[in-house]
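*Asks:* make a model of this:
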Amino acid sequence: MFSNIELNIIIQGCINQDRNNQQAFYKYFYGYSASICMRYTSKKEDLFEVVNDGFLKIFKEIQTFRTPNDNYTATLKAWIRRIMINTSIDHYRKYNKNEPSIVDVDKQLEIQKVDYETPLDKLSYDEVVKLVQQLSPMYKMVFNMYVIDGLNHEEISKQLNISVGTSKSNLSKARLNVMKIIENNYKPTV
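*Replies:* Now for the predicted structure:
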């Protein structure tokens, strides 16, 4: 783990396009970045492409990184996280232009609120990520953005260029699909 001073030196090296510092930065933050992008991609090849595209954006824009507080690493990770999520969304848009899973049902579907604990609530983070990988690309995108990344439906609608109702609908359908997968794969033993 790098100290704030070491990290600052590496970032300055990245700003100066020093390959050794870029390599150190890449190695240090690769696992973190890949874990974010993995939630949004379906194939290993896509994961590598998205992560590397994200790092290209980071190295291109690293001179704009600023931290308003003493928690340098946390602020840097948040900045990297935002870039990796946006890069994943851009990749999705580029390669899924004709994806039929976006269904605009603003007035057709009311989202039901669940006031009890569901089987999904009992799963670990890693188990949820594995389940979400099985969803269609748009359901996976909305589920990740809402449940894991904490965006609200208005933010999701702006990022994905869909209506708020579509975001809510896709989240609801994603949850239903995850519940079906859980029912099929995680049957209690008697």
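
*Asks:* for the helix or strand of the chain with the lowest mean pLDDT, packing partners?
*Replies:* Ranked by mean pLDDT, DSSP states H and E, the helix or strand of the chain with the weakest confidence is helix 125-132, at a mean of 73. With contacts taken as 3 or more Cβ pairs under 8 Å, 6 or more residues apart in numbering; DSSP states H and E, helix 125-132 sits against helix 164-185. Any C-beta I mention is one placed from the backbone N, CA and C, and that applies to glycine too.

*Asks:* could you pull out the buried residues of the helix it packs on?
*Replies:* Using 16 or more other Cβ atoms under 10 Å as the test for burial, helix 164-185 gives 165-175, 177-178, 181-182.

*Asks:* and for stretch 155-163?
*Replies:* For stretch 155-163, a neighbour-count test (16+ other Cβ under 10 Å) marks 156-157, 159-160, 162 as buried.

*Asks:* distance from that stretch to the middle of the chain?
*Replies:* The chain centre lies 15 Å from the centre of stretch 155-163; the measure is Cα atoms, centre = their mean, to the nearest Å.

*Asks:* pLDDT of the longest helix belonging to the chain, averaged?
*Replies:* Ranked by number of residues, the top helix in the chain under DSSP state H is helix 72-95. For helix 72-95, mean pLDDT is 90.

*Asks:* show me what that helix is packed up against.
*Replies:* helix 4-15, helix 19-38, helix 44-61, helix 137-143, helix 153-160.

*Asks:* how many residues are close by the residue nearest to Y95 when sequence neighbours are not counted?
*Replies:* Closest residue to Y95 apart from its sequence neighbours, by Cβ to Cβ, 6 or more residues apart in numbering: D46 at 7.8 Å. D46 has 17 neighbouring residues, counting by other Cβ atoms under 10 Å.

*Asks:* wait, L171 sits on V142?
*Replies:* Yes - counting by Cβ atoms under 8 Å, L171 touches V142, with 5.1 Å between them.
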